[in-house]
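# The sequence and its predicted three-dimensional model are supplied below.
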Amino acid sequence: MFDNQDDDYVFESLESWVESKCQDWRDHFEANYSEKFDEYYRLWRGHWAAEDKTRQSERSKIISPALQQAVESSVAELEEATFGRGKWFDIRDDAADTDTADIQMLRGGLEADFKRNMIRKNVAECLINAAVFGTGIGEIELTTEKEMKPATQPVMGGELTAVGVTIEDRTCVKLNPVMPQNFLIDPVATSVESALGVAIDEFVSKHIVTQLQEEGVYREADVGSAAPDFDIEPDHDITTVYDDDKVRLTKYYGLVPRHLLTEAQADPDAEEEAVTLTEEEEGDDSYYVEAIVVIADGGTLLKAEKNPYMMGDRPIVAFPWDVVPSRFWGRGVCEKGYNSQKALDAELRARIDALALTVHPMLAMDASRMPRGSKPEVRAGKVILTNGNPAEILQPFNFGQVSQITFTQAAELQRMVQTATGAIDSAGIAGSVNGESTAAGISMGLGAIIKRHKRTLINFQESFVIPFVTKAAHRYMQFEPEKFPVADYKFEVSSSLGVIAREYEVTQLVQLLQTMSPETPMYPELIKSIVDNMSLANREELIAKLDQANQPNPEAQKAQQAAQAQQAEFQASQTNALNGQAKESEARAAKAMAEAQAVPQELEIDRIKAVTANLQAGDADDKEFQKRLKISEQLLKEREVAVKESNTQPEPTAQPQAQPPMMQPNMGQLPQ
């Protein structure tokens, strides 16, 4: 299969292969997107063009600023949500790694370099491109700069001090915003990673190419001035194009045929750029290889090498403002509000044209009675000569008055722009949901708008911010490992709510705060949340003071603990006293029960003694009685022992065991 493909490209070079692909992709872009994007750009800039007329007789060129406001408001909301708190990204390490020193070092280095290279400004430009054209695109550039720092150095044995600068080479990762007319992508791809390749086709200053050739980044080749091409100019509304000292540079990132890359690297003029393949690369039989190709003026190869980055990723990040299914190009704010903006412009232009007919005076005249060669003009102090009565020859007239309903229509059309784009102007959103400026209506409207902004914000973070930070960190790890620790980190976006969402949340928190007492534990937390959502210069100081105020006083905490210990001891002593009283009461009850059981037995004994006191000795009845009496006494003793044992039991409340009934002597045969 590869032999057949090699035969197809036997007369083709790498630069011609890349240029043919880029030309096909540009033809597709010009046929489907170029005209729309140009009109979106004009509406956002407020530039009028003849093709923007809604009717042939239209003379006014005014463009309503409604769409401009929608773009700027939406971009400002996302930019504030991303960068409003200063810290706009975070790093998460492995859960098993408890040492956070490497994370702090990496975050500090990235934040310092991003601030030095003005990454925030370039990200904001990509956001504007996404809002206007529907897709924000950025190129990650890796450069080496010489950093100069003021320094002093002792000379002449330390007697004098020389003042100068120290020069140090520093690796810089920058973000270059790309306009849609300068970006080319495989038409069937839905993302940068899924495309055969992507290309950036733009004009650059000639001195930049010359400097890179001197540094050895680009090959030595004669590069002349580029031919003019209005289609890739950044601004299509300019009237004259500067053509001197600029080069058309095409940077291709993607897959190329392996044999074409090998042939390009084996060129005798590019011996310094030749790449020695490893055994693993030599054994790779894949047809395509990921490469970077740079071509000047459509035919001069300046650079051709395999992707040098350790992760093998493409240095392009892009995100759609709103996703269009199965399409790379998204749907921006201008596309959402396009129809409403065109209707609003037609309404305003029609009113202005009508004002020209109603405000400015016009004059009808009898041309046969005017002097020959006269110039009939209407202006202050003008003298008009007539051949006869001027009242019969001249007649001023106008076309009536402009209808006042156009004001209401313009306001409704402007509201339609807000409805389509989700933006809020200075007039607010009163009645945008239920037609009334009530608290419930405003709350519902803000809720719907915040949801739309949050949807775009999540798309922007996951498709643009996180990939950019990840790729930038990998490049720093690869080319400056001594400053940036190398590990598998996970990057997260530390975004917050936008201005509108924060104001809405503050309102909700204040309403919730009014329903609570200051002694409630949640009261300080709600105050802290309100301060955190406010745009105050000393917000961090106020939050720190609130945290300090909520922390307990150590002395008061010790005193409280001592009081709690004393209270616990007092309660324990009361409990012991009550337990002792309860045991004493139980003992008394047991004693009373034993005495109550012993009294009937003593009475029975006394009765028996009283009955047998007058018996005569020696009778048979007497002997029988004595025998029974001994048995009764024995039973009584046994019962007394049982009662005493029951009194010594551990549970005094237990019921004594039932004793057998005492045998009663047969008193029926005793003598009277």
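Perfect, thanks for sending it.

# Against which helices or strands is the longest helix that the chain contains packed?
In the chain, assigned by DSSP state H, the helix with the most residues is helix 554-611. For helix 554-611, the packing partners by 3 or more Cβ pairs under 8 Å, 6 or more residues apart in numbering; DSSP states H and E come out as helix 620-647. No exception for glycine: its C-beta is placed from N, CA and C like everyone else's.

# what is the mean pLDDT for the helix it packs on?
Averaged across helix 620-647, the pLDDT comes to 70.

# Now do the helices in the stretch 151-300 of the chain.
206-215, 258-265, 279-282 (DSSP state H, counting those that start in this stretch).

# Quickly compare those and say which is most buried.
Mean neighbour counts were taken over those using mean count of other Cβ atoms under 10 Å, and the top value, a mean of 19, falls to helix 258-265.

# what's the distance between the longest helix of the chain and the middle of its chain?
Distance, stretch centre to chain centre, for helix 554-611: 69 Å (Cα atoms, centre = their mean, to the nearest Å).

# low-scoring stretches of the stretch 51-200 of the chain, by residue?
85, 93-100 (pLDDT under 70).

# now do 50
Along the stretch 51-200 of the chain, no part satisfies pLDDT under 50.

# ditto for the chain
In the chain, residues with pLDDT under 50: 1-10, 270-275, 279, 426-427, 430-442, 444, 498, 651-672.

# Name the single longest strand found in it.
strand 135-155 (DSSP state E).

# and F397, how many neighbours does it have?
When neighbours are defined as other Cβ atoms under 10 Å, F397 has 8 of them.

# List phi and psi for it.
phi -160, psi 160 (degrees, to the nearest 10).

# ok, now which ones touch it?
By Cβ atoms under 8 Å, 6 or more residues apart in numbering, the contact set of F397 is 362-364.

# Could you pull up the residues touching I185?
25, 192, 195, 198-199, 328.

# Let me know which of the helices of the stretch 151-300 of the chain is the nearest to D235.
helix 206-215 (19.9 Å; Cβ to Cβ).

# Who are the packing partners of that closest one?
strand 246-257.

# Give me the neighbour count for the residue lying closest to A195 once chain neighbours are set aside.
Leaving aside its chain neighbours, A195 sits nearest to A189 (3.4 Å; criterion: Cβ to Cβ, 6 or more residues apart in numbering). For A189, the count of nearby residues is 17 (other Cβ under 10 Å).

# Surely A189 and G197 touch.
No - applying Cβ atoms under 8 Å, one finds A189 not in contact with G197, separated by 9.2 Å.

# Report the secondary structure element holding K382.
K382 belongs to no helix or strand when elements are defined using DSSP states H and E.

# helix/strand/coil for E51?
helix (DSSP: H, G, I helix; E, B strand; the rest coil).

# Could you report the separation of the closest residue to it other than its chain neighbours from R59?
Of all residues not flanking E51 in the chain, E39 sits nearest, at 7.8 Å (Cβ to Cβ, 6+ apart). Distance, E39 to R59, using Cβ to Cβ, to the nearest Å: 20 Å.

# same deal with F230?
From F230 to R59 the distance is 28 Å (Cβ to Cβ).

# what's the answer for A589, then?
From A589 to R59 the distance is 116 Å (Cβ to Cβ).

# next one: A81
43 Å.

# among the helices of the stretch 151-300 of the chain, which is nearest E555?
The nearest among those, by Cβ to Cβ, is helix 206-215 at 67.3 Å.

# related to what we said a few turns ago, got the contact list for the residue nearest to A195?
A189 neighbours (Cβ under 8 Å, 6+ apart): 195-196, 328.

# Who are the packing partners of the helix or strand hosting K528?
Secondary structure assignment for K528, by DSSP H and E: helix 522-533. In terms of contacts (3+ Cβ pairs under 8 Å, 6+ apart), helix 522-533 is packed against helix 499-513, helix 539-550.

# E39 and R59: which is more packed in?
Applying other Cβ under 10 Å to E39 and R59 shows that E39 carries more neighbours, namely 16 against 10.

# Quick one: residues in contact with the helix or strand where the more buried one lies.
Element membership for E39 (DSSP H and E) is helix 34-45. The list of residues contacting helix 34-45 from outside it, by Cβ under 8 Å, 6+ apart, reads 48-49, 51-52, 63, 67-68, 71, 132-133, 180-181, 231, 236-237, 332, 334-335, 338, 341.

# what's around the nearest residue to L260 once chain neighbours are set aside, how many residues?
Spatial nearest neighbour of L260, excluding adjacent residues (Cβ to Cβ, 6+ apart): L14 at 4.3 Å. L14 has 24 neighbours, counted by other Cβ under 10 Å.

# next one: A226
A226, neighbours per other Cβ under 10 Å, totals 20.

# I119 now?
22.

# Offset the numbering so it begins at 80, please.
Got it, the first residue is 80 from now on, which makes the last one we talked about I198.

# partners of the residue found closest to it once you drop the neighbours it is linked to in the chain in the sheet?
Nearest residue to I198, sequence neighbours excluded (Cβ to Cβ, 6+ apart): L254, at 5.5 Å. Assessed by DSSP bridges, L254 has beta-bridge partners I219.

# Can you give me the separation between Q640 and A651?
16 Å.

# Check V462 too.
V462 is 119 Å from A651, by Cβ to Cβ.

# Settle it for me: which of the two has more neighbours?
A651 (10 against 5).

# tell me the secondary structure for Y388?
coil.

# Let me know whether it touches Q557 as I believe.
Yes - between Y388 and Q557 there is a contact at 6.8 Å, judged by Cβ under 8 Å.

# All set now, cheers.
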